[in-house]
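Peer 1: Below is the sequence, then the predicted model.
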Amino acid sequence: MLDAINLLEVDRIGHGYRAFYIKEGDNPDLADKVRKLLKSKDIHLEMCLTSSWLLQSAPSDKSQHPVKSCLEDDFSCSLSTDDPGVMVTDIPND
């Protein structure tokens, strides 16, 4: 994500969970740096709930999903669907 932010100057990132969901072996300082950049540059994050659970890129416990931190910390984010035909979902179900 750092390269996308710094080199490509993006204003929107799909998913981006790893800045909020730190797994064992991840560098928490790097995640903190990414979060600060996302916030300072007001980069929008698209959150795909079902996709993140099915692909195990976020916790299976819905109450621990990174979208919760994004909303609580006033990051720019929205709910999206990721390939609704494959994931068999839509926005109302997510």
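Peer 2: Noted; the coordinates are in hand.
Peer 1: drop to CA atoms for contacts and neighbour counts, all remaining ones
Peer 2: Will do.
Peer 1: quick one, phi psi at the closest residue to residue 11 other than its chain neighbours?
Peer 2: Counting by Cα to Cα, 6 or more residues apart in numbering, residue 43 is the residue found nearest to residue 11 once chain neighbours are left out, at 4.7 Å. Note on residue 43: backbone dihedrals following degrees, to the nearest 10 are phi -80, psi 130.
Peer 1: Would you agree residue 43 is in contact with residue 15?
Peer 2: No - taking contacts as Cα atoms under 8 Å, residue 43 lies outside contact range of residue 15: 11.8 Å.
Peer 1: neighbour count winner among the two?
Peer 2: A direct count of neighbours by other Cα atoms under 10 Å for residue 43 and residue 15 places residue 15 higher, at 24 against 19.
Peer 1: looking at it, that one is touching residue 49, isn't it?
Peer 2: No - with contacts counted by Cα under 8 Å, residue 15 stays clear of residue 49, the gap being 9.2 Å.
Peer 1: quick one: average confidence on stretch 53-61?
Peer 2: For stretch 53-61, the mean per-residue pLDDT is 82.
Peer 1: who's sitting farthest from the centroid in this protein?
Peer 2: For the chain, the largest distance from the centre (Cα atoms, centre = their mean) belongs to residue 85, which lies 20.9 Å off.
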